[in-house]
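Undergrad: let me see the structure of the following:
(2 chains)
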Amino acid sequence: AQSVTQLDSHVSVSEGTPVLLRCNYSSSYSPSLFWYVQHPNKGLQLLLKYTSAATLVKGINGFEAEFKKSETSFHLTKPSAHMSDAAEYFCVVSDGAWNTDKLIFGTGTRLQVFP
Amino acid sequence: DAGVIQSPRHEVTEMGQEVTLRCKPISGHNSLFWYRQTMMRGLELLIYFNNNVPIDDSGMPEDRFSAKMPNASFSTLKIQPSEPRDSAVYFCASSRDRVTQYFGPGTRLTVL
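TA: You can find the predicted model right below:
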């Protein structure tokens, strides 16, 4: 069965310092992987996605993630945090099987950014 | 594109009342998903449609919940009768490629 594990429920960084949000996945198939962001009282916004093309994926707002099959990881990074990055981040896997469009969501990582 | 549209954005009702949540997917998208988000359980997939046909409703909590998609541009999620434990944020999402989903802003439901 497909699953994702977000290793940190909370991450705190200072503005201008790097961000690392960790995610490990488990998938029986060649997975599609996503990061979504949810700002307070807002819907989920797609940050980036990996669908078996380049292993380093660039997303919006300066975020990127690297797919590492050997480590079953898909960590999200950003070189320099901004106050507006404070939000909840979800790592998501889709198994890509033909008969299902289901996404499996991680439990989320809340990112705090201090001035 | 306007994105996925949900209405109402907020709904407060009393236990036992019927609640109807509405969703308009992005034009051209042929898959539609209903999710529920709570602090305790996180994001849960309730049901999804492909080409207006329900594909998987295994996440629908019980018979009080029902969902319809009468055409490609409209879907409803109905709760009858509503209970306080149904209080949550309900999201609708749509997809064109069966992989990438785009979410609406959500409906915050409070059942008193």
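
Undergrad: residues contacting B:Trp34?
TA: B:Cys23, B:Leu45, B:Leu46, B:Ile47, B:Tyr48, B:Ala67, B:Ser75, B:Leu77, B:Tyr90, B:Phe91, B:Cys92 (Cβ atoms under 8 Å, 6 or more residues apart in numbering or on different chains). Every C-beta, even on glycine, is put in place using the N, C-alpha and C of the backbone.

Undergrad: could I get those in TSV, plus columns for pLDDT and secondary structure?
TA: Listed next are the contacts of B:Trp34 as TSV, based on pLDDT from 0 to 100; DSSP: H, G, I helix; E, B strand; the rest coil:
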residue	pLDDT	secondary structure
B:Cys23	98	strand
B:Leu45	90	strand
B:Leu46	94	strand
B:Ile47	93	strand
B:Tyr48	90	strand
B:Ala67	97	strand
B:Ser75	98	strand
B:Leu77	98	strand
B:Tyr90	97	strand
B:Phe91	96	strand
B:Cys92	96	strand
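
Undergrad: can you give me the end-to-end span of stretch B:75-94?
TA: 11 Å (Cα to Cα, to the nearest Å).

Undergrad: stretch B:36-47 too?
TA: End to end - Cα to Cα - stretch B:36-47 spans 10 Å.

Undergrad: surely A:Leu33 meets A:Val92?
TA: Yes: using Cβ atoms under 8 Å, A:Leu33 is in contact with A:Val92, at 7.0 Å.

Undergrad: which parts of the chain are strands?
TA: If you meant another chain, say so; for now it's chain A. A:3-6, A:10-14, A:19-21, A:23-26, A:32-38, A:44-50, A:56-58, A:64-68, A:73-78, A:87-94, A:103-105, A:109-114 (DSSP state E).

Undergrad: right idea, wrong chain: chain B
TA: With DSSP E as the criterion, chain B has strands spanning B:5-7, B:10-13, B:19-24, B:31-38, B:42-50, B:53-56, B:65-71, B:74-79, B:88-95, B:101-103, B:107-111.

Undergrad: quick one, the third one and strand B:107-111 angle?
TA: Looking back up the chat, that one is strand B:19-24. Relative orientation of strand B:19-24 versus strand B:107-111 (axes from the mean of the first three to the mean of the last three Cα atoms, to 10 degrees): 180 degrees.

Undergrad: which secondary structure elements does strand B:19-24 contact?
TA: strand B:5-7, strand B:10-13, strand B:74-79, strand B:88-95, strand B:107-111 (3 or more Cβ pairs under 8 Å, 6 or more residues apart in numbering or on different chains; DSSP states H and E).

Undergrad: return the set of buried residues in the first one.
TA: In other words, strand B:5-7. B:Gln6 (16 or more other Cβ atoms under 10 Å in any protein chain shown).

Undergrad: which secondary structure elements does it contact?
TA: So strand B:5-7, by 3+ Cβ pairs under 8 Å, 6+ apart, packs with strand B:19-24, strand B:88-95.

Undergrad: rerun that using 10 Å as the cut-off
TA: strand B:19-24, strand B:74-79, strand B:88-95 (3 or more Cβ pairs under 10 Å, 6 or more residues apart in numbering or on different chains; DSSP states H and E).
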